[in-house]
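Student: Predicted model and sequence below, questions to follow.
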Amino acid sequence: MTHKLTRDEARRIAVRAQLLDADRPGDVVEVAEQLGAIKIDPTATIAPAEHSILWSRIGLGYDTVQLLKNVERDRLLFEFDGSFRPMSLLPLMMPAMRRWPQRASSREWLQANDRFRTEVLARLRAEGPMLAADIPDTAETARDTSDGWYGASQVVHMLDSLLRQGEIAVVGRKGRHRWWDLAERVYPQNLPEFELDEAEWMLAERRLQAAGIAKQKSPWTPIGEAGEAAVIEGSSRKYRVDPRALDSLLEDPGGRVAFLNPYDGMLFDRPRLKEIFEFDYVLEQFKPKSQRKYGFFAHPILMGDRFVGMLDAEVNRERDLLTVNAVHELLPFDAEEDEMVRAEIVALAEWLGVSVSAR
């Protein structure tokens, strides 16, 4: 059976799957379980991505210490590949982690640095959680660092490799720096085990759960044959939809205003964003100032199931001030919509603990 959906229905499914409708979630773990990943990024014109993503879902009830508690004390979330993820995903990821790396160059580098690998694991076992800066670089072969993302030290390369193999884990952070320890001392023991095919299928289902609806063949949201077939009016592309998301159309609580961090998962699948929402989003962070239209790190404004504007704002912690440089209207606001956006700016400032100033 192929479900036939209007664009309005497809948008509502996507918005609700991302917990951006009027029915707000109650806590950090609920958000993580539904979204699957909460992006970590330090760019904080307003707040770091991990915190603004959670605030945009939970609202004023979100306190940043809640995330720290769930990651570092309760171990209900874990850090992997630049995101916080629910611990329920770890057993599904382990089969692929045990087979990492697939790329020949990575295998060759690990083989050439087997002694280095052994030394890093032995040091962590003997001394407990450590920062990368505390671990000597004794690599025998260096990886190419010409992409500019890594320095000359091979320690971070080795730590990331061991993380991807499930040997070590991030136990916490000191500022933006990660503390590393053996995975057996961080991850829960006696986790369920799955074969690779079964785990990959379940991961595809979780990705579709987070998206609600996604193209069947999408590099941005790889969901394969998960869910059920769907078509959207005006589109010839094949989609897959989460059956539970279809059920939610019958109990839609309505929409609200949300400011989305540029690294929010809702914005990740750009082709879907353009086709379903008619929103051609471009992050201007890496553009020269003269070429920016909306601002260095402007936050898209979602109102109900439509992207209606861009919020260009920044926090000055020395002055305890949220400065609103501009609210760019992609779709003209009526008086009620303007008031809704203003109210959300006030709520944002209250959450940040600052006052509001408009230029």
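Tutor: Yep, that arrived.
Student: pull the CA atoms of stretch 154-168 into PDB?
Tutor: The C-alpha trace of stretch 154-168 is given here as PDB (Å, rounded to 0.1, in the frame of the first residue of the first chain):
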ATOM      1  CA  GLN A 154      48.000  11.800  16.100                       C
ATOM      2  CA  VAL A 155      46.500  11.400  19.500                       C
ATOM      3  CA  VAL A 156      43.100  12.700  18.500                       C
ATOM      4  CA  HIS A 157      43.100  10.400  15.400                       C
ATOM      5  CA  MET A 158      43.800   7.400  17.600                       C
ATOM      6  CA  LEU A 159      41.100   8.400  20.200                       C
ATOM      7  CA  ASP A 160      38.500   8.900  17.500                       C
ATOM      8  CA  SER A 161      39.500   5.500  15.900                       C
ATOM      9  CA  LEU A 162      39.200   3.700  19.200                       C
ATOM     10  CA  LEU A 163      35.800   5.400  19.900                       C
ATOM     11  CA  ARG A 164      34.500   4.200  16.500                       C
ATOM     12  CA  GLN A 165      35.600   0.700  17.300                       C
ATOM     13  CA  GLY A 166      33.800   0.700  20.700                       C
ATOM     14  CA  GLU A 167      37.100   0.400  22.600                       C
ATOM     15  CA  ILE A 168      36.900   3.700  24.400                       C
END
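Student: Need the contact partners of it.
Tutor: 80-81, 94, 97-98, 100-101, 106, 109-110, 113, 116-117, 120-121, 124, 132, 135-137, 139, 142-143, 150, 169-170, 178, 180-183 (CB atoms under 8 Å, 6 or more residues apart in numbering). Backbone N, C-alpha and C define where each C-beta goes, glycine included.
Student: Mind checking which of those residues are buried?
Tutor: Among those, the ones that count as buried by 16 or more other CB atoms under 10 Å are 80, 94, 109-110, 113, 116-117, 120, 124, 132, 135, 139, 143, 169-170, 178, 180-183.
Student: Point out the ones among the residues you listed that are inside strands.
Tutor: Among these, the members falling in strands (DSSP state E) are 80, 169-170, 178, 180-182.
Student: Compile these into JSON lines and extend it with columns for pLDDT and distance to residue 195.
Tutor: JSON lines is the format used below for these (pLDDT from 0 to 100; distance: CB to CB, whole Å):
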{"residue": "80", "pLDDT": "97", "distance to residue 195": "21"}
{"residue": "169", "pLDDT": "98", "distance to residue 195": "23"}
{"residue": "170", "pLDDT": "98", "distance to residue 195": "27"}
{"residue": "178", "pLDDT": "96", "distance to residue 195": "31"}
{"residue": "180", "pLDDT": "98", "distance to residue 195": "29"}
{"residue": "181", "pLDDT": "98", "distance to residue 195": "28"}
{"residue": "182", "pLDDT": "98", "distance to residue 195": "25"}
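Student: Export the residues you listed to JSON lines and append columns for distance to residue 3.
Tutor: Shown next, in JSON lines, are those (distance: CB to CB, whole Å):
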{"residue": "80", "distance to residue 3": "33"}
{"residue": "169", "distance to residue 3": "40"}
{"residue": "170", "distance to residue 3": "40"}
{"residue": "178", "distance to residue 3": "43"}
{"residue": "180", "distance to residue 3": "46"}
{"residue": "181", "distance to residue 3": "46"}
{"residue": "182", "distance to residue 3": "47"}
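Student: Out of these, which two sit at the greatest distance?
Tutor: Greatest spatial distance in those: 80 and 182, 15.3 Å, computed using CB to CB.
Student: Sticking with residue 107, tell me its helix or strand.
Tutor: If you go by DSSP states H and E, residue 107 is part of helix 104-112.
Student: Show me what that helix is packed up against.
Tutor: helix 155-164 (3 or more CB pairs under 8 Å, 6 or more residues apart in numbering; DSSP states H and E).
Student: Could you tell me the angle between the helix it packs on and strand 177-182?
Tutor: With axes from the mean of the first three to the mean of the last three CA atoms, to 10 degrees applied, the angle from helix 155-164 to strand 177-182 works out at 50 degrees.
Student: which ones are touching residue 310?
Tutor: If you count contacts by CB under 8 Å, 6+ apart, then residue 310 has 294-295, 298-301, 326-328, 330 around it.
Student: can you map out the helices along this structure?
Tutor: Counting by DSSP state H, the segments of the chain that form helices are 7-17, 28-35, 49-58, 64-68, 90-98, 104-112, 114-127, 155-164, 196-211, 243-248, 270-277, 335-352.
Student: okay if I get those as JSON lines plus distance to residue 256?
Tutor: Output for these, formatted as JSON lines (distance: least, CB to CB, whole Å):
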{"stretch": "helix 7-17", "distance to residue 256": "10"}
{"stretch": "helix 28-35", "distance to residue 256": "15"}
{"stretch": "helix 49-58", "distance to residue 256": "10"}
{"stretch": "helix 64-68", "distance to residue 256": "21"}
{"stretch": "helix 90-98", "distance to residue 256": "32"}
{"stretch": "helix 104-112", "distance to residue 256": "44"}
{"stretch": "helix 114-127", "distance to residue 256": "45"}
{"stretch": "helix 155-164", "distance to residue 256": "37"}
{"stretch": "helix 196-211", "distance to residue 256": "19"}
{"stretch": "helix 243-248", "distance to residue 256": "16"}
{"stretch": "helix 270-277", "distance to residue 256": "16"}
{"stretch": "helix 335-352", "distance to residue 256": "8"}
